[in-house]
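*Asks:* quick one: sequence and predicted model below, then my questions.
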Amino acid sequence: MNIDAELDVWRRQWQSGVEPVPPDLLRKVELQSRFMKIAFAADILVTAGIGGGVIALAVRSPKPDILLLAIVTWLFIFAAWTFSLTVNRGTWSPAALDTASFVDLSIRRCRARLAAVRFGTVLYLSEIAFCLGWIYRHAPQNRPSLLAWLVFSSLFIDMVWMCTLAFFAFLFWYRRKKRAELAWLLDLQRQISEPRA
Amino acid sequence: MGSDGVVFDAGPLNLVDRVTLERQFDRLLAANGPALTRLAASYTNTAGDRDDLLQEIALAIWQALPRFRGESSERTFLFRIAHNRAISYLARVRSQPPSVEEWEVHDPSPNPELGLAREQAAARLRAAVHRLPVAWRQVVTLTLEGLGYGEIAEVLGISESNVGARLSRARQMLREALENKK
């Protein structure tokens, strides 16, 4: 056997062992998996709480407005679940126990989270618009105009805007974080797939 | 100079530097994890010991990283630390090489016979490398990871001609060991 060919064979044999996933990446993916399970359980609880609540309300007082509230609430819930199940498909576990699969899974999770940020923005705005409209409709007869009512007319409205502000600040920070993470993961994936110089 | 033989540039760390370092550390481990694992495995007998050594190497890299000035390549930097840690580990535990059978692993590939033969050949090589004296083992493991003479000389702190001489002798020993195992 040619000397360099012998070395090449040995090199291939040496590097053919199962490549374990780096501990940091493994820990990160496991932590995300745990968080996803907790979030899934929380989604079920929220669905049961809010969805069950509006159904109970509609059963107790079956007025058209309450029925509308129940139907629209369930439409929001349906949209959220459809999105969640679609976007999280294939992100629960890696395809194989190697580094490339773990990086690929992290990338898919990152993209899912970024899609969730976009969907969450639209869903939140839709919910806020519907809820405020519904509450305004049921406000006392001597209520101010809608615009005046929306601009700091009560502590409740103040709280709504403060929560909205906090929510969007969080989304902005989260989106930046995830985009940076995605860029890093894509770079890592490129390094893994390209042969080293 | 640090305890792992790497040229250091000491200085305080701010938060931004720390985040950058954490990313650099994660990237280095992800890109070189398999090579470092194989290196750790060549100095240890069990998966537990290998993981312990790997953890020591990762810790040493983390401690040395803030003071890495980039005078050598990242790969040379990593392997230098890893080899120095491995030598410290050997000095501490006085490791004995495992038998070939301990390396042999069942390979559930679509063609079991071919897969198993390939895996056994790899296992024989790993065992043979593991049995080499440390000075020769270092040169062989680095060569098998794809490092050139210059890089190996830098990692081990020896001349390139010394690398060539050691490698030549190590290959002869490996050939004999593999022939005897056939």
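*Replies:* Arrived safely, thanks for sending.

*Asks:* and the pLDDT for residue B:98?
*Replies:* With respect to pLDDT, residue B:98 has a value of 43.

*Asks:* equivalent analysis for residue A:115, please.
*Replies:* The score at residue A:115 is 97. That number is its pLDDT.

*Asks:* for residue A:101, same thing?
*Replies:* 70.

*Asks:* element containing it, please.
*Replies:* Per DSSP states H and E: residue A:101 is located in helix A:99-137.

*Asks:* how far is that helix from where the chain is centred?
*Replies:* Between the centre of helix A:99-137 and the centre of its host chain there is 5 Å, according to Cα atoms, centre = their mean, to the nearest Å.

*Asks:* residue B:89 - how many residues pack around it?
*Replies:* In terms of burial, residue B:89 registers 18 neighbours under the definition other Cβ atoms under 10 Å in any protein chain shown. In short, each C-beta sits where N, CA and C put it, glycine included.

*Asks:* just give the nearest non-adjacent residue to it, would you?
*Replies:* In space, residue B:89 comes closest to residue B:53 once its chain neighbours are excluded; the distance is 5.1 Å by Cβ to Cβ, 6 or more residues apart in numbering or on different chains.

*Asks:* and that neighbour, what does it touch?
*Replies:* Residue B:53 makes contact with B:40, B:43-44, B:85-86, B:89 under the criterion Cβ atoms under 8 Å, 6 or more residues apart in numbering or on different chains.

*Asks:* again with residue A:139
*Replies:* Applying Cβ under 8 Å, 6+ apart to residue A:139 gives the contacts residue A:149.

*Asks:* quick one: contacts of the helix or strand containing residue A:24?
*Replies:* Applying DSSP H and E as the criterion places residue A:24 in helix A:23-46. The set of residues that contact helix A:23-46 without belonging to it, under Cβ under 8 Å, 6+ apart, is A:80-81, A:84, A:88, A:91-94, A:99, A:102-103, A:105-106, A:109, B:25-26, B:29-30, B:33, B:54-55, B:58.

*Asks:* repeat the analysis, applying 10 Å as the threshold.
*Replies:* Surrounding helix A:23-46, the residues in contact under the criterion Cβ atoms under 10 Å, 6 or more residues apart in numbering or on different chains are A:20-22, A:77, A:80-81, A:84-85, A:88, A:91-94, A:97, A:99, A:101-103, A:105-106, A:109-110, A:112-113, A:181, A:185, A:188, B:22, B:25-27, B:29-30, B:33, B:37, B:51, B:54-55, B:58.

*Asks:* out of the residues you listed, which end up buried?
*Replies:* The neighbour-count test (16 or more other Cβ atoms under 10 Å in any protein chain shown) marks A:20-22, A:77, A:80, A:84, A:88, A:91, A:94, A:99, A:102-103, A:105-106, A:109-110, A:112-113, A:181, A:185, A:188, B:25-27, B:29-30, B:33, B:37, B:51, B:54, B:58 as buried among these.
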